[in-house]
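Chemist: Turn this into a structure:
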Amino acid sequence: MKPFVVAIDGPAASGKGTIARNLARHFDWPYLDTGLVYRAVARNLVKKQLDQNPRNAVREAKDLSIEDLQQEGLRTPEISQTASVVASIPEVRETLIEFQRNFARKGEGAILDGRDIGTVICPDADIKFFVTASQEVRANRRYQELMSQGEGVTYQEVFDTLVERDLRDSTRKNAPLVQSEEAILIDTSNLNVKQSTELVIAKVELGLRDT
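Modeler: All right, here's what the predicted structure looks like:
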């Protein structure tokens, strides 16, 4: 039986990861935060004090393991920026595409979130979502998250970093962040976690009934 694949795309701090995790618990399906794939490569580069050039990045991508996705410190501002740079390297993306596609082929269902799931990784996903929110709302969410982790950052620093990352992700030549034509738009600016999750669950259940 072909797995029912859910693709969830969107910019940083849009709420897509929280929705995806809640969805995975609800349906008891495996979940992959594909952003961690690039963050893990970035973390390994930083940890080994390697330059962020394509040769080093591709080597670390080829050596990536599931265990690398469980490292601490994958969501710091430094790793976030490095991951965005790493993700813009075509050879790195090509190396990691199969890693992500293999995950989607397992079990009766799979949930993947990222920035190019519905357009590149799983273009034939059974249902696609594009989760977003205003930059101000997203920056505040990320700021609150970092503050709770004891990170010494200001809101303006977080906002500026987010704007820079949005621009890089949406304008890169290889697999830019875009909403696929089939994706269902979910704007979480004025929705709480429960409301967002319930909305997506309802859409998935409807999709399951139609298969």
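Chemist: which residues are in contact with the worst-scoring helix or strand of the chain on mean pLDDT?
Modeler: When the helices and strands of the chain are scored by mean pLDDT, DSSP states H and E, helix 77-87 comes last with a mean of 87. Outside helix 77-87, the residues that touch it by C-beta atoms under 8 Å, 6 or more residues apart in numbering are 12, 35, 38-39, 41-43, 45-46, 52, 57, 61, 73, 92-93, 115, 146, 151, 153, 157-158, 161, 165, 168-169, 172. C-beta coordinates here come from the backbone N, C-alpha and C atoms, glycine included.
Chemist: So which of those are in helices?
Modeler: 35, 38-39, 41-43, 45-46, 57, 61, 92-93, 146, 157-158, 161, 165, 168-169 (DSSP state H).
Chemist: List only buried entries from the residues you listed.
Modeler: Listed as buried from the ones in helices among the contacts of helix 77-87 are 35, 38-39, 41-43, 45-46, 57, 61, 92-93, 146, 158, 161, 165, 168-169; burial here means 16 or more other C-beta atoms under 10 Å.
Chemist: list the buried ones in stretch 160-176?
Modeler: Neighbour counts using 16+ other C-beta under 10 Å place 161-162, 165-166, 168-169, 172, 175 of stretch 160-176 among the buried residues.
Chemist: Pull the residues that contact that stretch.
Modeler: Taking C-beta under 8 Å, 6+ apart as the rule, stretch 160-176 contacts 11-13, 77, 80-81, 84-85, 87-90, 93, 115-116, 119-120, 135, 138-139, 142, 177-178.
Chemist: and those residues, which are buried?
Modeler: Members of the contacts of stretch 160-176 classed as buried by 16+ other C-beta under 10 Å are 11-13, 80-81, 84-85, 87-89, 93, 115-116, 119-120, 135, 138-139, 142, 177.
Chemist: Can you get me a residue count around residue 65?
Modeler: 9 (other C-beta atoms under 10 Å).
Chemist: quick one, phi psi at it?
Modeler: phi -130, psi 170 (degrees, to the nearest 10).
Chemist: any idea how far residue 71 is from it?
Modeler: 10 Å (C-beta to C-beta, to the nearest Å).
Chemist: who are the neighbours in contact with the residue positioned nearest the centre of the chain?
Modeler: The centre of the chain sits closest to residue 114, judged by C-alpha atoms, centre = their mean, with a distance of 2.7 Å. Residue 114 makes contact with 8-9, 33-35, 100, 121 under the criterion C-beta under 8 Å, 6+ apart.
Chemist: From residue 36, how far off is it?
Modeler: Per C-beta to C-beta, residue 114 is found 9 Å from residue 36.
Chemist: How about residue 61?
Modeler: For residue 61, the distance to residue 36 - C-beta to C-beta - is 13 Å.
Chemist: For residue 10, list the residues it contacts.
Modeler: Residue 10 neighbours (C-beta under 8 Å, 6+ apart): 16, 113, 115, 129-132, 177.
Chemist: Distance of it relative to residue 89?
Modeler: Residue 10 sits at a distance of 22 Å from residue 89 (criterion: C-beta to C-beta).
Chemist: so residue 194, which of the three states?
Modeler: Assigned state for residue 194: helix (three-state reduction, DSSP: H, G, I helix; E, B strand; the rest coil).
Chemist: Around it, how many other residues sit close by?
Modeler: Applying other C-beta under 10 Å, we find 9 other residues in the vicinity of residue 194.
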